[in-house]
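> Got a sequence here, can you model it:
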Amino acid sequence: MRRVILAIVSTAVALVLLLSFKTHTQPAVPGSPPASVVGSPAPGATGGTGTASAASPAGSGPAAGGATRTVTGKVVQTAYGPVQVKITVTGGRITAATAVRYPQGTPRDYQINSFAIPQLNREAVAAGNAKIDAVSGATYTSGGYTASLQSALDQLKGA
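Next up is the predicted model:
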């Protein structure tokens, strides 16, 4: 009889401890926009189509002769949230790539994208195009990243 009572009390204590467990929120990904900015379009983006801004005089052509251009790709909706990429091109080469919007509403989103986004940024700069490998475990983010990156590159070709 004592063993049954001890088992019931132990189970009740374990259940109370389990239900009172509080998870902590993860800090923002280093280099990511504050949480209040995540849901809003990137600065200068209009209607999700992205914009191009030239650091060189107007009419100088698409990133020719060392001109630096920054282009924001379109917002791509994924199953877990929007993804948008901004690239900087100097002399016809991608010199910087940054995901300005990506899923980060849950701790799992944070966990996946804190690893995937920096890796995708590095691969975009190294490849110089949108033909980059997907990050294992971040398939949807990788697909959205690649599509937004391609739209940014298309904007450069069209300018």
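> Which positions within stretch 139-150 qualify as buried?
Under the neighbour-count criterion of 16 or more other C-beta atoms under 10 Å, stretch 139-150 has 140, 141, 142, 144, 145, 146, 147, 148, 149, 150 buried. In short, each C-beta sits where N, CA and C put it, glycine included.
> how about the strands in the protein?
With DSSP state E as the criterion, the chain has strands at 52-54, 68-72, 76-78, 81-90, 93-101.
> name the helices or strands packed onto the longest one?
In terms of contacts (3 or more C-beta pairs under 8 Å, 6 or more residues apart in numbering; DSSP states H and E), strand 81-90 is packed against strand 68-72, strand 76-78, strand 93-101, helix 107-127, helix 139-158.
> okay, the angle between that strand and helix 139-158?
40 degrees (axes from the mean of the first three to the mean of the last three C-alpha atoms, to 10 degrees).
> List the buried residues for strand 81-90?
For strand 81-90, by 16+ other C-beta under 10 Å, it's 81, 82, 83, 84, 85, 86, 87, 88, 89.
> Quick one: these as a markdown table, columns for distance to residue 102 too.
Output for the buried residues of strand 81-90, formatted as a markdown table (distance: C-beta to C-beta, whole Å):
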| residue | distance to residue 102 |
| --- | --- |
| 81 | 7 |
| 82 | 8 |
| 83 | 5 |
| 84 | 8 |
| 85 | 9 |
| 86 | 12 |
| 87 | 15 |
| 88 | 18 |
| 89 | 21 |
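> what's the closest of those to residue 96?
Nearest to residue 96 among the buried residues of strand 81-90 is residue 88, at 4.1 Å by C-beta to C-beta.
> ok, the residue positioned nearest the centre of the chain - contacts?
Geometric centre of the chain, nearest residue: residue 102, 3.4 Å, by C-alpha atoms, centre = their mean. Residues in contact with residue 102 (C-beta atoms under 8 Å, 6 or more residues apart in numbering) are 81, 82, 83, 84, 113, 117, 141, 144, 145.
> I am finished for the moment; much appreciated.
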